[in-house]
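Enquirer: model this:
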Amino acid sequence: NKEMNKQRERGRISGKKFGGGNNEIKFYEELNHPPIVFTGYESTKLFTQVTALIKDGETVEEVGTNDNVEIILKKTPFYAERGGQVGDTGILINEETQINVLDTQAPVGYLNVHTSHITSGLVRVGDSVTASVDNDRREKIKRNHTATHLLHAALREVIGPHVKQSGSLVESDRLRFDFTNMKAISDHEIAEVELKVNEKIRNNIPVEIHWTTYSKAVAEGALAFFGDTYENKVRTIKIDAPWSYELCGGTHMEFTGGIGPFIIISEIGIGAGMRRIEALTGIKAEETVRRQADLLKTLSKQLNAAQDTLVEKVSEIQRDSVSSKKAFLDLESELMKAK
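Expert: Sure, this is the predicted structure:
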């Protein structure tokens, strides 16, 4: 809603940007906080404890209504942005206070930091709170993240095994996927990739999650990406393996059918040998298809032509326009001669 967006913007302005600067990293390292236990794979709600509060770049013991603050919890269901997947949002509440979590980041290691706005009440270090992730937003992110795995596998099948992911952005309303390829993808290839992804979605394939060792996963053919560093124990995602088998710490659907429709909306070059695809899933894809259908319907009425003849109708109008322009120029020339 509008108020939540305003609070999120205030949080972005007043909070740290987690850009990885040396001073910033040093600050969080010097907190000497143990790694945060992430419970968000199993549940999006948790009773937990506030272990640190950071306001204006300094640790504090207490904050109150309308304060923007970074909160660290003993355990958290909030996913911190990494691997291209954006951080979770949601709320923290107890009997005294309500807090909007506007973003979750991990400035160092597995130290999940919740950029927050105190809506009402006070919160102190040591307080217990119920942490609840925005489930609707998390579900949309999961759809898009699982879709990136399907997209990657489909690109490798259609374009070739040389295609490798070089970056991604997984948000609630869209996905962006960067990959290696020397030339643009043709319209026919894009259509084929879309078809293969939607086929895997329609088949409602289980998304299998396994923990294993890095060496074993790679030996089995799992893909790892764009300079990520991995511990010895890694989380893998299998979808119709070996068709799609990747190392990934992100959140995912349990079955591909939950992704809904998948459409590619753009494919562009972003550098030498680098391409970028943007795509939509679920309700966003449905809304886009509906807008396109409405546009075709409007054009059909305005041009007084059936939708399947719109291309012919536009070509006819273009030809008539060229003929009319030529006739006008010929007439103008005759008038100049008469003068």
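Enquirer: Please make it C-alpha for all contacts and neighbour counts, starting now.
Expert: OK.
Enquirer: Would you confirm that Ser118 contacts Leu102?
Expert: Quick fix: residue 118 is Ile, not Ser. No. With contact defined as Cα atoms under 8 Å, Ile118 does not reach Leu102; the gap is 10.6 Å.
Enquirer: mind checking the SS state of Ser333?
Expert: helix (DSSP: H, G, I helix; E, B strand; the rest coil).
Enquirer: same question but for Glu278, I mixed them up
Expert: Of the three states, Glu278 takes strand under three-state DSSP.
Enquirer: go on, Thr288?
Expert: helix.
Enquirer: Can you spell out which residues form a bridge with Val129?
Expert: Listed beta-bridge partners, Val129: Thr48 (assigned using DSSP bridges).
Enquirer: and it, how many neighbours?
Expert: Val129 has 22 neighbours, counted by other Cα atoms under 10 Å.
Enquirer: Which pLDDT value goes with it?
Expert: Per-residue confidence (pLDDT) for Val129: 98.
Enquirer: Equivalent analysis for Arg8, please.
Expert: At Arg8, the pLDDT value in this model is 51.
Enquirer: Equivalent analysis for the one 4 residues further on, please.
Expert: Per-residue confidence (pLDDT) for Arg12: 46.
Enquirer: again with Gly20
Expert: pLDDT recorded at Gly20 is 52.
Enquirer: Okay, and the residue nearest to Leu150 when sequence neighbours are not counted sits in which element?
Expert: Excluding its sequence neighbours, the residue lying closest to Leu150 (Cα to Cα, 6 or more residues apart in numbering) is Val197, at 5.7 Å. For Val197, the element it lies in under DSSP states H and E is helix 187-202.
Enquirer: who's in contact with the very next helix or strand once past that helix?
Expert: Where DSSP H and E defines the elements, the next helix or strand beyond helix 187-202 is strand 207-213. By Cα atoms under 8 Å, 6 or more residues apart in numbering, the surrounding residues in contact with strand 207-213 are 232-239, 252-256.
Enquirer: Restricted to strands, list the residues you listed.
Expert: Under the assignment DSSP state E, the contacts of strand 207-213 contribute Lys233, Val234, Arg235, Thr236, Ile237, Lys238, Ile239 to strands.
Enquirer: can you pull the buried residues of the helix or strand where Leu155 lies?
Expert: Here Leu155, judged by DSSP H and E, is contained in helix 135-158. By neighbour count on 16 or more other Cα atoms under 10 Å, the buried set for helix 135-158 is 138-157.
Enquirer: wait, what's in contact with Ile277?
Expert: With Cα under 8 Å, 6+ apart, Ile277 has these contacts: Arg176, Phe177, Asp178, Ile264, Ile265, Ser266, Glu267, Ile268.
Enquirer: Now it: closest residue in space, sequence neighbours ignored.
Expert: Once flanking residues are discounted, Ile277 sits nearest to Glu267: 4.5 Å by Cα to Cα, 6+ apart.
Enquirer: Partner strands of the helix or strand the one you found falls within and their direction?
Expert: Counting by DSSP H and E, the element that carries Glu267 is strand 262-271. Under the criterion DSSP bridges, strand 262-271 sits next to strand 274-281 (antiparallel) in its sheet.
Enquirer: Where does pLDDT dip in this structure?
Expert: Under the criterion pLDDT under 70, the flagged ranges of the chain are 1-21, 226-229.
Enquirer: Helices along that one, start to end?
Expert: Assigned by DSSP state H, the helices in the chain fall at 2-14, 22-29, 135-158, 187-202, 214-219, 282-303, 310-338.
Enquirer: Distance to Ile91 for the ones you listed - can I get that in JSON lines?
Expert: Output for the helices of the chain, formatted as JSON lines (distance: least, Cα to Cα, whole Å):
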{"stretch": "helix 2-14", "distance to Ile91": "11"}
{"stretch": "helix 22-29", "distance to Ile91": "23"}
{"stretch": "helix 135-158", "distance to Ile91": "11"}
{"stretch": "helix 187-202", "distance to Ile91": "32"}
{"stretch": "helix 214-219", "distance to Ile91": "35"}
{"stretch": "helix 282-303", "distance to Ile91": "24"}
{"stretch": "helix 310-338", "distance to Ile91": "50"}
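Enquirer: tally of neighbours for Val106?
Expert: I think there's a mix-up here, since residue 106 is Ala and not Val. Neighbour number of Ala106 under other Cα under 10 Å is 18.
Enquirer: Look up how far Arg82 lies from it.
Expert: Using Cα to Cα, to the nearest Å, one obtains 8 Å as the distance from Ala106 to Arg82.
Enquirer: Kindly report the same for Glu254.
Expert: Look at Glu254 and Arg82: by Cα to Cα, they are 20 Å apart.
Enquirer: Next: Ile239.
Expert: Taking Cα to Cα as the measure, Ile239 falls 21 Å from Arg82.
Enquirer: okay, those two: which has more neighbours?
Expert: Using other Cα under 10 Å as the criterion, Ile239 and Arg82 rank with Ile239 on top: 21 against 16.
Enquirer: Hmm, that one is touching Pro206, no?
Expert: Yes. Using Cα under 8 Å, Ile239 is in contact with Pro206, at 6.6 Å.
Enquirer: Tell me which residues are up against the helix holding Leu155.
Expert: 44, 85, 88-89, 162-165, 170-175, 177, 189, 192-194, 196-197, 200, 239, 243-244, 246, 250-253, 256, 258-260, 262, 280-282.
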